[in-house]
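Undergrad: Curious how this folds, go ahead:
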Amino acid sequence: MDIKNRKENFRIICGTYEKLIYGINAFWGNANSNGDIEMNDVTDNENILDPKILEKQKKINETSLGLASNNMALYLDPIFIYPSHISYIKCIGIGGHHMASGGTDEVIKLYDLKKRKEVGTLLHHSGTITCLTFFQKTHMISSGEDGEICLWRTKDWEKLTSFKGHKSGVNCVAIHPSGKLALSISTDKTLRCWNLVEGKAAYTLKLYRKDGLKIFWNKSGSLYGIMFDREVIIYDATNPNQSHTFTHKGRINDFRFIQHEGKDYIVTGNEDKKVRIYDIKAKKCIAQWDNGSETRIKCIDVIENEGVTLLCTCSSDGVINVWDLTGAFDLIEMEDEEMEDEEMEGEENKGNQGDNKIMKDLEDIEPISRYKTGCRITCVSFAPPLYEKEEETEEKEEKNKEEEEKEEEDKEEEEKEEEKEEEKKKEEKTEIKKSNKTKSDKTKSNVTYNNNNNKGKKQNNKRKRKIQEGGKNKKAK
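TA: As a prediction, the model looks like this:
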């Protein structure tokens, strides 16, 4: 199968301690005739910059074709490996074709996934970047150890506002599905709600526990969960007093909300290399299985694609596993049926052993795809695909934006010209008024002069008459 000409169904983007960002295409296809895993080489080598990294990648790229699942197999194909930050990568955020990465170097790097290149850098935070999350593709929120939360507009990457309220570093931020509010958790042991519409704080809750590490909303926005060191607490969004705690003896490293047949669950990645699924309504763990890696599960993410819910688990040894959670729920239902049969036979009820009792491992579950990076993965995120229609739409939007900007510029120029013309007219009117005034002043002065002349002539005539009369009188005498 020629994987070079296949278009991806989604992408897996992950950051590493080695300061590299991996971009991996994932697409569905048929397994080979035997149903076995095929081997694939690295493709699109022009996007892998360092020859040493490329050579290393060729050696460790063992499997790019996943195990057969529901008559389909998932192919993984690396498309880029970029050296990014000057220190290890802490977080990744994706919105549309926008991607951002943050590290301990206090810098946010910006990328265009469509063009596969770096497009800029944001320098604002004065500490490690702890979280990057997008609302659709229009806005991004960043947080850092400096305790500040920033809202950015992706169109021009202008910082719209900053939220300051936490007394110490912010660990995680979650935007509500509506985009109207966001929740943040901090090392100051508080949860803060922010009104994104008005750009101000809404309320603050004290957690009275250790630092909250991660926070996420469910799909509908009716629930949110906060992850602590060894527990995840699920809160009702309308009433924070209503909550349930799922605990574990070992450390929990990451979690996500998932939905199956309209019900809400959470899935966790753990220090003991196991994946666990918890039923929120039943308030218990319903399944667990081993990740198949040599080290802990460091981070996870979920995506719905082609009618299947997929889970990506990344371990500290660089192994990326993709799991079919839809198939996992089928196995869970089969286990439940077996347990019901055992109960009917009068055997001991295994389901009533307490809320936090974990059922036996799902031994039959296997990852549908696996990829080895050879690096220590720190964060992962699924990226939805950019189809041709979406690209055309985006190109049209960009074209429309350019046209709108041009129209605005033309309008501004027209307005400026109109203002100049109005100023000229005003100046002309002023000059006309001045000239008219000058003329009227001259006319007035001429009239005054003539009047004065007439008066002078009259006075002279009077004097002449008097003199003449005086002369006549002298002669008569």
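
Undergrad: what residues are up against residue 24?
TA: 11-14, 76-79, 320, 371 (CB atoms under 8 Å, 6 or more residues apart in numbering). C-beta here means a position set from N, CA and C on the backbone, and glycine is covered the same way.

Undergrad: can you list these in a markdown table and add distance to residue 285 and secondary structure?
TA: Compiled in a markdown table, the contacts of residue 24 are given as follows (distance: CB to CB, whole Å; DSSP: H, G, I helix; E, B strand; the rest coil):
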| residue | distance to residue 285 | secondary structure |
| --- | --- | --- |
| 11 | 31 | strand |
| 12 | 26 | strand |
| 13 | 29 | strand |
| 14 | 27 | strand |
| 76 | 29 | strand |
| 77 | 35 | strand |
| 78 | 34 | strand |
| 79 | 37 | strand |
| 320 | 24 | strand |
| 371 | 28 | strand |
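
Undergrad: hmm, which of these are the buried ones?
TA: Those of the contacts of residue 24 that meet the buried threshold are 11-14, 76-79, 320, 371, by 16 or more other CB atoms under 10 Å.

Undergrad: Helices of the stretch 301-450 of the chain, residue ranges please.
TA: 325-344, 388-476 (DSSP state H, counting those that start in this stretch).

Undergrad: okay, which residue is most central for the chain?
TA: The structure's the chain has its C-alpha centroid closest to residue 134; by CA atoms, centre = their mean the separation is 1.8 Å.

Undergrad: Name whatever forms a beta bridge with it.
TA: On the basis of DSSP bridges, residue 134 is bridged to residue 140.

Undergrad: check contacts around it.
TA: Contacts of residue 134 (CB under 8 Å, 6+ apart): 93-96, 98, 100, 140-141, 154, 175.

Undergrad: measure the closest residue to residue 294 other than its chain neighbours to residue 288 for me?
TA: Spatially, and ignoring its direct neighbours in sequence, residue 294 is nearest to residue 317 (5.2 Å; CB to CB, 6 or more residues apart in numbering). Distance, residue 317 to residue 288, using CB to CB, to the nearest Å: 20 Å.

Undergrad: So which of these two has more stuff around it?
TA: residue 288 (19 against 16; other CB atoms under 10 Å).

Undergrad: Among the buried ones among the contacts of residue 24, which one sits closest to residue 229?
TA: residue 14 (23.3 Å; CB to CB).

Undergrad: and the closest one, bridged to which residues?
TA: residue 22, residue 380.

Undergrad: Pretty sure it sits against residue 319.
TA: No - at 11.1 Å, residue 14 does not count as touching residue 319 under the criterion of CB atoms under 8 Å.

Undergrad: could you pull out the helices for the stretch 51-200 of the chain?
TA: Using DSSP H, counting those that start in this stretch, helices in the stretch 51-200 of the chain cover 51-60.

Undergrad: my read: residue 297 touches residue 311, true?
TA: No - using CB under 8 Å, residue 297 makes no contact with residue 311, being 10.5 Å away.

Undergrad: And the two? Which one has more around it.
TA: Ranked by neighbour count (other CB under 10 Å), residue 297 and residue 311 place residue 297 first, with 25 against 22.

Undergrad: leaving aside the residues next to it on the chain, what's closest to that one?
TA: residue 269 (3.5 Å).

Undergrad: hey, which helix or strand in this structure has the poorest pLDDT?
TA: Lowest on mean pLDDT, DSSP states H and E among the helices and strands of the chain sits helix 51-60, with a mean of 50.

Undergrad: ok, what's across the strand from residue 204?
TA: According to DSSP bridges, beta-bridge pairing links residue 204 with residue 192.

Undergrad: That one against residue 167, yeah?
TA: No - Residue 204 lies out of contact with residue 167 (CB under 8 Å); the separation is 10.7 Å.

Undergrad: Quick check: neighbours shared by those two?
TA: By CB under 8 Å, 6+ apart, no residue touches both residue 204 and residue 167.

Undergrad: any idea which of the contacts of residue 24 is the one closest to residue 107?
TA: residue 13 (17.6 Å).

Undergrad: Tell me who's in contact with the closest one.
TA: Applying CB under 8 Å, 6+ apart, the residues near residue 13 are 21-24, 92, 94, 99, 380-383.

Undergrad: same question, residue 317
TA: Each residue near residue 317 by CB under 8 Å, 6+ apart is listed here: 293-295, 376.

Undergrad: Restricted to buried residues, select the residues you listed in ChimeraX.
TA: The buried residues among those can be selected in ChimeraX (16+ other CB under 10 Å) with this line:
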select :293,376
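
Undergrad: can you pull the buried residues of the helix or strand containing the residue nearest to residue 297?
TA: Counting by DSSP states H and E, the element that carries residue 269 is strand 263-270. Within strand 263-270, the residues scored as buried using 16+ other CB under 10 Å are 264-270.

Undergrad: Which other helices and strands does it contact?
TA: Contacts defined by 3 or more CB pairs under 8 Å, 6 or more residues apart in numbering; DSSP states H and E place strand 263-270 against strand 231-236, strand 252-260, strand 274-279, strand 297-305.

Undergrad: So for residue 365, which of the ones you listed sits nearest?
TA: That would be strand 274-279 among the helices and strands packed on strand 263-270, by CB to CB, at 8.9 Å.

Undergrad: Within the sheet, what are the partner strands of that closest one, with directions?
TA: By DSSP bridges, strand 274-279 pairs with strand 263-270 (antiparallel), strand 284-290 (antiparallel).

Undergrad: Give me the angle between that strand and strand 231-236.
TA: 30 degrees (axes from the mean of the first three to the mean of the last three CA atoms, to 10 degrees).

Undergrad: For residue 186, give me its contacts.
TA: 147, 166-171, 192, 211-212.

Undergrad: which residues does it bridge with?
TA: Going by DSSP bridges, residue 186 forms beta bridges with residue 170.

Undergrad: Done for today, thanks.
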